[in-house]
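Participant: Need coordinates for the following:
(one chain, ligands or ions: 1)
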Amino acid sequence: MKVLVTGGLGFIGTKLVSELEGRGHETWACDLFNSHRDHYRRCDVREFRQLEKLVGGHKFDLVYHAAAEYGRWNGEDYYENLWMTNVVGTKNLLRLQEAYKFKTVLFSSAEVYGDYPETMRENVMDEVPIKQMNDYAMTKWVNEMQVLNSTSMFDTETVRIRLFNVYGPGEHYTPYRGVVPTFIYKALHDLPYTVYRGHKRTFEYVNDVCTTLANLPEYFKPRDLRHRCETSLEEGIRRTVIWMEEASPARKKEALTIVE
Ligand SMILES: NC(=O)c1ccc[n+]([C@@H]2O[C@H](COP(=O)([O-])OP(=O)(O)OC[C@H]3O[C@@H](n4cnc5c(N)ncnc54)[C@H](O)[C@@H]3O)[C@@H](O)[C@H]2O)c1
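Facilitator: Next up is the predicted model:
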């Protein structure tokens, strides 16, 4: 199949492109920057003309829409970019999907679940109004509604994926990334970090996520994506530490603040 990954230079996009290429798909990527890669185009999804030039010039069977401003604090600090990229960018893609009829995989987020106090199930989102806790979460929920409306009005086909805390090699630390790169980077660089006790999180190793995502060209079904968590958290963290030691070498130190 001929596929496009928007945000293809990002943490998940990079791994997904390799996985899809490995399975023999003609895989194109786009992102904000220029790149030496084959089958790559610079394209800002906020700009309809740029996206149309890319999508109109190829007959993609499937588009993975991973391009986004990621993360809640990034979204608060750079809210203009967040709303333009996540919401207008997705609308641009949906308009093109309605015209060209490719299938789409929308990268949503577990952030859409808000702070629901009971056990979260997929149908809860259809039955109970959930309050998203930050602009990033709101944009991801808006994206899902954009998709649902487009599907019902134009008969488009999209699978929405709500990713949870994807971690692993390739995720460079910035102050806006998740807890795993933050803890590892700070421990390696002798920097203090804060641990909030009493919180639970679900983590997914990036290769496991990309294996499942790469099944979608052949297995384009909502609900049961046959996702397998093959990599234990211990093993995934071990590999991530090894990668980060090489990617940003530094001394190790125990510098830890516990907040009860
Ligand atoms: N990493 C996670 O744990 C996680 C969890 C839930 C959802 N997601 C979603 O998965 C997707 C990929 O996340 P990631 O962790 O790889 O983040 P990332 O920031 O590494 O990748 C996003 C990519 O999108 C690109 N991008 C940003 N604005 C763009 C624009 N206007 N036009 C084109 N490209 C643009 C960035 O340059 C970047 O390469 C995002 O949609 C994110 O919201 C990620």
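
Participant: How much space separates the residue of the chain found nearest the ligand from residue 117?
Facilitator: Taking Cβ to the nearest ligand atom, the ligand has its nearest neighbour within the chain at residue 10, 2.1 Å off. (Glycine included, C-beta is placed from N, CA and C.) Residue 10 sits 32 Å away from residue 117, going by Cβ to Cβ, to the nearest Å.

Participant: before we move on, back to that, burial measure for the residue of the chain closest to the ligand, as a count.
Facilitator: Burial of residue 10, expressed as a neighbour count using other Cβ atoms under 10 Å, amounts to 22.

Participant: just checking, next helix/strand downstream of the longest helix seen in the chain?
Facilitator: Taking DSSP state H as the assignment, the helix of the chain that covers the most residues is helix 135-154. Once the chain leaves helix 135-154, the next helix or strand it forms, by DSSP states H and E, is strand 158-163.

Participant: then that following strand to CSV, C-alphas only?
Facilitator: Provided in CSV are the C-alpha atoms of strand 158-163 (Å, rounded to 0.1, in the frame of the first residue of the first chain):
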residue,chain,number,x,y,z
THR,A,158,-11.0,6.8,10.0
VAL,A,159,-9.7,4.8,13.0
ARG,A,160,-9.0,6.9,16.1
ILE,A,161,-6.2,5.7,18.3
ARG,A,162,-5.9,6.9,21.9
LEU,A,163,-2.3,6.5,22.8
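
Participant: Say whether the ligand is contacted by it.
Facilitator: Yes - with Cβ under 6 Å from any ligand atom as the criterion, the ligand is reached by strand 158-163 at residue 163.

Participant: Pull the residues that contact that strand.
Facilitator: Judged by Cβ atoms under 8 Å, 6 or more residues apart in numbering, the contacts made with strand 158-163 from elsewhere in the structure are 12, 97, 103-110, 112-113, 143-144, 147, 150-151, 204, 209, 213, 216, 220-222, 225.

Participant: at 6 Å what do you get?
Facilitator: Strand 158-163 is touched from outside by 104, 105, 106, 107, 108, 109, 110, 144, 147, 222, with contacts defined as Cβ atoms under 6 Å, 6 or more residues apart in numbering.

Participant: after that strand, next one along is what?
Facilitator: Downstream of strand 158-163, the first helix or strand assigned by DSSP H and E is strand 166-167.

Participant: That following strand pairs with which strands?
Facilitator: According to DSSP bridges, strand 166-167 has the following sheet partners: strand 204-205 (parallel).
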